[in-house]
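**Student:** Structure for the following, please:
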Amino acid sequence: MAAQYGFNQEQKDYLAELLKDENNSMWSAVLYGISYNDGEIVTVALSQVGNVGGEPYWSWYGFNSRVEWCACFVSWCANECGYIETGVIPKFAGCVNGVQWFKDRGQWQDGSAEPVPGMIIFFDWDSDGETDHVGIVQKVENGIVYTVEGNSGDSCRINQYSVGNHQIYGYGVPQY
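**Tutor:** Predicted coordinates for the structure are as follows:
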């Protein structure tokens, strides 16, 4: 774009400064309204909104064909940030396993908690005590939690729920 708009050297230098990795949190705040101290996973998740079918996520995980891919999506986003390698978020394909990982480490809050961006949100659609779905908390405003979820209607979407909604099972709290 710099070439298309005919940027001079000074403008190119400013652009290079703005695009440095150290400014990612600023861009997360400007572009996505993320003010949490580590919005990297949210930024990665938001960049995937619109993907249909989940092939990049379930194939990255190691599956040869389509599976229920919400947890693969969360794991893929975590991997893109280096969080699996550093042990901040587990690589998991099943929601139940993800919940257990966070609980085992004392990094769990139940569904009545008020989440913050970057938390991993787990759902129990059937109210049977088993988690059925997972996503990433984007933000919380006016009692509404906004999420980025993979495999929501077979696509990556932004969804919203009332804080404390009975279908929210709880939250994994990564130690970023």
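
**Student:** What segments of the chain are helices?
**Tutor:** 9-18, 24-32, 40-46, 55-61, 70-80, 95-104 (DSSP state H).

**Student:** List the contacts of the fifth one.
**Tutor:** Among residues not part of helix 70-80, those counted as contacts by CB atoms under 8 Å, 6 or more residues apart in numbering are 41, 44-45, 48, 54, 56-58, 60-61, 63, 84-85, 88-95, 97-98, 120, 133-136, 149-152, 156. To be clear about C-beta, it is placed using only N, CA and C from the backbone, and glycine gets the same treatment.

**Student:** the longest strand in this protein is where?
**Tutor:** The strand that spans the most residues within the chain, counting by DSSP state E, is strand 133-141.

**Student:** Now that strand - C-alpha only, CSV.
**Tutor:** Output of strand 133-141 as CSV, limited to C-alpha atoms (Å, rounded to 0.1, in the frame of the first residue of the first chain):
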residue,chain,number,x,y,z
HIS,A,133,-18.3,-26.2,23.1
VAL,A,134,-15.4,-23.8,23.7
GLY,A,135,-14.4,-20.3,22.5
ILE,A,136,-12.2,-17.3,23.4
VAL,A,137,-13.5,-14.3,25.3
GLN,A,138,-13.1,-11.2,23.1
LYS,A,139,-14.5,-8.6,25.4
VAL,A,140,-17.1,-7.8,28.1
GLU,A,141,-19.3,-4.8,27.9
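
**Student:** That strand pairs with which strands?
**Tutor:** strand 120-123 (antiparallel), strand 144-149 (antiparallel) (DSSP bridges).

**Student:** Those strands: which one's closest to S112?
**Tutor:** For S112, the closest of the strands paired with strand 133-141 is strand 144-149, at 11.9 Å, according to CB to CB.

**Student:** hang on, the earlier thing: between the strands paired with strand 133-141, which one is closest to Q4.
**Tutor:** strand 144-149 (30.6 Å).

**Student:** Pairing-wise in the sheet, spell out the partners of the residue nearest the centre of the chain.
**Tutor:** With distances taken as CA atoms, centre = their mean, the residue of the chain nearest its centroid is I136 (3.5 Å). Beta-bridge partners of I136, counted by DSSP bridges, are I120, V148.

**Student:** That one: what's it in contact with?
**Tutor:** Counting by CB under 8 Å, 6+ apart, I136 has contacts 41-42, 45, 74, 77, 118-121, 147-149.

**Student:** Of all the helices and strands in the protein, which has the lowest average confidence?
**Tutor:** For the chain, counting by mean pLDDT, DSSP states H and E, helix 24-32 ranks last in confidence among helices and strands (a mean of 64).

**Student:** what residues are up against the closest residue in space to F92 that isn't next to it in sequence?
**Tutor:** Among residues not flanking F92 along the chain, G98 sits closest, at 4.2 Å (CB to CB, 6 or more residues apart in numbering). For G98, the contacting residues are 71, 74, 90, 92, 120, 122, 131, 134, 172, by CB under 8 Å, 6+ apart.

**Student:** Good, we can wrap up now.
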